[in-house]
Every structure is written in structure tokens, then in C-alpha cells.
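> Following is a predicted model, sequence given first.
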Amino acid sequence: MSTSQSPVKPRLGPSERLLNLPPYTLATVLQARDEKLRQGVDVIDLGVGNPDMRPPRVAIETLQAALDDPKVQNHRYPSFNGLPEFRAAITQWYQGRFGVTLDPAQEALALVGSKEGIFKFFLSHFDPGDTLLLCTPCYPAYLGQAAIAQARKVEVPLLAKNQFLPDLGAIAVDDARRAKAIAINFPNNPTAATETADFYRDVLRFAREYDLFVISDIAYCDLSLDPSYRARSFLEFDRDKERTIEFHSFSKSYSMQGWRVAFAAGHAQALARMHQIKSNTDYGVFMAIQRAAIAVLNGGQDYCREVSATYRARRDAFLEAIRPLGFPVAPPRATIYVWLPIPKRFANSMEFTRELLDRAGIVVAPGSGFGDAGEGYVRVALCDSEERLREAGTRMAKAGLGY
Ligand SMILES: *Cc1c(COP(=O)(O)O)cnc(C)c1O
């Protein structure tokens, strides 16, 4: 790239950690989408997991009241770890939702979104070359963040034959010994897989055997599409918070993704180390938003039930519409995604994604962007109306895009 004649100015170039970043696969798809939109195509966008619901009324009302409060307190710099009332609400929520007891002073931490928090966990615990066991396909930020942290990532595949749960026994002993942590996310983005109690027990046993820390992400724990399923917290198993950090977010359960509020719970020292990074890199969550978040935690469960019913109806509408196309897909029990295997005649998920856009005007996320084991699938986000999801299925049938 550089020319021999003159030294390139400025001398500033990208860092090694930036060059280490994998390409953001979905960006290619979104570019192609924008081109279709420019051409006037009526695009059905099921690409990004971006909830399209109104946040809970109590969130909006509490935020408004906090903004109108004549005291300036809410507008000042917040503390890095969150208001004591917010941390208390987090621990009460854990107690009520999972029967897990947390110390609000040390075992709960407010986050400006869990994406931010997960990264700061890596920054405060991983040196370049440290090994991370990462169950994939996964939320793509994990791949990018592990790359920026220059971690040595070992992907543990989530396969259909194992109900998309990792086969811990298949992890190379050498990798397990070298690893510092294992990252799990159930209910899972993108496969929609759900955990079982036995599986969580196995993960804890495995983590103890190899002295691994467990990073658990429960972003979808209250979006249950099957009323008989109720997601667990990993802290129900690691009750002493011996080796667990768990992340939860307001983004999916409460459709508050633009508000940037989430939290971590678990191992006190890990949270304290993250706090050290946070105190040098962010300023915590806007206090007016924390007040709204408290109100939501204290009374948002009806909201979760309602939006779950909406996502369930959307799931059913979509699956019903594609039923004649013969895709071997079981109805997801949780999350806002359908993980669709691609028809055999397509070489890879990107090719099927392009075909869906070109021939049916539908945007999905190609599975290859979620890690190695994501190839062979596309992710359909249930983030448009029942009617539009049914229309998507009808368009696929018309375009002959069956399995
Ligand atoms: C969407 C998502 C997040 C993002 O949460 P924010 O709080 O909005 O940063 C985290 N984890 C998973 C698995 C997700 O799908």
C-alpha cells in the first residue's frame, strides 16, 4: 500500500488491534439493502435484532418526570457503578426473578449497555494472547471485542444435532486448560437455543475442573415465546458467585436499546476491575435513565409478557407462511430470532442472503457473520409486524426460495 517515493504523512496508522478486527459481515448486506431502497424496492428488513416496540410506559413517564425535576441532580455526572437505588433494584429483580441473592454494594454494576460492559470485562481481564472459549454462532460483538482485546479465541460450535448447546466434552483439553473464561449466551442469539438446568450444571462442573471464569449473557431471558419455558440465570447454579459474571440488558426485554442501559451481576472482584476501566473511559448511565430503569425493574414483567406474545404471534405467522417451503426448523422457544438453515443448493449463507434480497426484497443476517459454526444458516429477526413477516414468507414461496 505504501509508496516508496515519500514517507506517508501523517505517520499515524491503524493499531494492530484494529487490523485484527474481522469484517462486519452484516455491513455488506445493509449496503445492498440501501441500494435496493434507493431503487424504490419495498424491502422487508429482518436483518438486525432491533426491537420495533414502544418501551414500557413507566419508563417514558419516569424519564419525563426525572427530566422535569427542578433539582439539577439528575443531570450531573453519575457514579461509575450506578445509583445505589439502581443497584438495589437490580438485586431485588434477581431475587424475585431467579431467587438469587446479590450484595448491591459489590455484586451489581450499572452499564451503558451490555455491549460496553462485555468489552470492559475483556479489557480488565484479558491480555493479548489469552484464550477465550466462545460458543458460536454468537452475538457478533463478542467476535469483534475478542479481536480488539487480542484474545486467542477458541470457538466452541453450537450444532443442531446438540440442540445448539455446546459439547463441552469435545473441547480440546489443551484449550480448556489454557482458557481464562468461557462465554455462553442462553437464550441464544442467533440460534434461539435455550439452556437446561443439567446443561448449566455441566458448565459449572467444567468451569471448576479447568478453573475457568463463566461469562453468561441473558439478554433474552424474559422473551419467552413458549409459555412453558422460563429462562434461568447461571447464578442460580454458581450461587456463591465463585466464577461468574452475568450480563443483562434493557435493550431486548424492554425495547430500550437506544437508551443504553444494562447491568452486570456476580463476582465482586471482576466487577471492581471493570469499575476501574469504567472510571477512566465512561461516565456511567445518565441518572434520569437509571431512574426509569429502576421503575421498569420494579414493575416491567407485564410488559415482557405482552411483547413476548407479540413476538410469538410474529414467529407463528412467519413459520406458517414458510411451512410449504419445507425448511427443517423448530419453532424457537425464546428470543426474537428464527435460525433458518439455507437450502442445499446455495454455496453459503451470503449467497442465500443475496438471493433473498434480490429476488424477494428480504433482508436477513447471513450466518457466517456470527462465527464459524454460523455458516449454513441465516438469522431472521422478528422485528417487523405479523403482516410483513407473513408477506416475507409469501414472497419467498413466490420466488421459489424453498428448502
Ligand atoms: C442485543 C444483544 C446485546 C446488546 O445489548 P446492549 O445492552 O444493547 O448493548 C448483548 N448480548 C446479546 C446476546 C445481544 O443479542
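The structure has been received and is ready for your questions.
> near the ligand, which residues of the stretch 151-300 of the chain?
Proximity of the stretch 151-300 of the chain to the ligand, by C-beta under 6 Å from any ligand atom, involves residues Asn185, Asn189, Asp217, Ala219, Ser249, Ser251, Lys252, Gln257, Ala262. Any C-beta I mention is one placed from the backbone N, CA and C, and that applies to glycine too.
> would CSV of the residues you listed with neighbour count be doable?
Below are these laid out as CSV (neighbours: other C-beta atoms under 10 Å):
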residue, neighbour count
Asn185, 27
Asn189, 24
Asp217, 26
Ala219, 23
Ser249, 23
Ser251, 21
Lys252, 26
Gln257, 18
Ala262, 25
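> Which members of these occur in helices, if any?
Counting by DSSP state H, those place Ser251, Lys252 in helices.
> Now the two most distant members of the residues of the stretch 151-300 of the chain next to the ligand.
For these, the farthest-apart pair by C-beta to C-beta is Asn185 and Gln257; their separation is 16.4 Å.
> Skipping adjacent residues, who's closest to the residue in the stretch 251-400 of the chain that the ligand sits nearest to in space?
As assessed by C-beta to the nearest ligand atom, the ligand sits closest to Ser251 within the stretch 251-400 of the chain, at 3.3 Å. Distances taken as C-beta to C-beta, 6 or more residues apart in numbering place Gln257 nearest to Ser251, at 3.7 Å, with adjacent residues excluded.
> got it, and Ala313?
Nearest one to Ala313, counting by C-beta to C-beta, 6+ apart, is Glu386 at 5.4 Å.
> Mind jotting down where the helices sit in the stretch 201-350 of the chain?
For the stretch 201-350 of the chain, helices defined by DSSP state H, counting those that start in this stretch occupy the ranges 250-253, 268-281, 287-299, 301-322, 349-360.
> Check which helices and strands the fourth one sits against.
The criterion is 3 or more C-beta pairs under 8 Å, 6 or more residues apart in numbering; DSSP states H and E, and the helices and strands that helix 301-322 contacts are strand 337-341, helix 386-398.
> looking at these, which is buried most?
strand 337-341 (a mean of 23; mean count of other C-beta atoms under 10 Å).
> JSON lines for the helices and strands packed on helix 301-322, including mean pLDDT and distance to Leu325?
Formatted as JSON lines, those follow (pLDDT from 0 to 100; distance: least, C-beta to C-beta, whole Å):
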{"stretch": "strand 337-341", "mean pLDDT": "98", "distance to Leu325": "10"}
{"stretch": "helix 386-398", "mean pLDDT": "97", "distance to Leu325": "6"}
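> which residues does Leu271 contact?
Leu271 sits next to Asn81, Gln106, Glu107, Ala108, Leu109, Ile245, Ala264 when contact means C-beta atoms under 8 Å, 6 or more residues apart in numbering.
> so how far is Leu12 from it?
35 Å (C-beta to C-beta, to the nearest Å).
> Go through the helices of the stretch 201-350 of the chain and name the closest to Val154.
Relative to Val154, the nearest member of these by C-beta to C-beta is helix 268-281, separated by 20.5 Å.
> Tell me who's in contact with the most centrally placed residue in the chain.
For the chain, the residue sitting closest to the mean C-alpha position, by C-alpha atoms, centre = their mean, is Tyr139 at 4.9 Å. Neighbour list for Tyr139: Asn185, Asn189, Pro190, Asp217, Ala219, Phe370 [criterion: C-beta under 8 Å, 6+ apart].
> go with 10 Å
49, 114-115, 118, 145, 183, 185, 188-190, 217, 219, 370-371 (C-beta atoms under 10 Å, 6 or more residues apart in numbering).
> going on from the helix or strand harbouring Val29, what's the next piece of helix or strand?
For Val29, the element it lies in under DSSP states H and E is helix 25-38. Using DSSP H and E, the helix or strand that follows helix 25-38 in sequence is strand 44-45.
> Residues touching that next one, excluding its own?
29-30, 33, 36-37, 52, 356-357, 360-364, 381, 383-385, 388-389, 391-392, 395.
> Now with 6 Å, please.
Here strand 44-45 makes contact (C-beta atoms under 6 Å, 6 or more residues apart in numbering) with Ile362, Val363, Arg388, Ala392.
> same check, this time on stretch 158-171
Cys135, Val156, Thr191, Ala193, Phe199, Asp202, Phe206, Ala373.
> Need phi/psi at the last one.
Ala373 adopts backbone torsions of phi -80, psi 0, taken as degrees, to the nearest 10.
> wait, what's in contact with it?
Contacts of Ala373 by C-beta under 6 Å, 6+ apart are Thr136, Pro137, Pro157, Leu158.
> Of these, just say which sits nearest to the ligand.
Closest to the ligand, out of all of these and judged by C-beta to the nearest ligand atom, is Pro137, at 10.8 Å.
> was I right about the closest one contacting Asn189?
No: under the criterion of C-beta atoms under 6 Å, Pro137 is not in contact with Asn189, lying 8.4 Å apart.
> my guess is Val261 meets Phe286, correct?
No: using C-beta under 6 Å as the test, Val261 is too far from Phe286 to be in contact (8.4 Å).
> When these two are compared, which one has more neighbours?
Val261 (25 against 20; other C-beta atoms under 10 Å).
> Now tabulate the helices and strands packed on helix 301-322 in JSON lines and tack on distance to the ligand.
Formatted as JSON lines, these follow (distance: least, C-beta to the nearest ligand atom, whole Å):
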{"stretch": "strand 337-341", "distance to the ligand": "9"}
{"stretch": "helix 386-398", "distance to the ligand": "19"}
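> Dump these to TSV, plus distance to Pro324.
What follows is those, written out as TSV (distance: least, C-beta to C-beta, whole Å):
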stretch	distance to Pro324
strand 337-341	15
helix 386-398	6
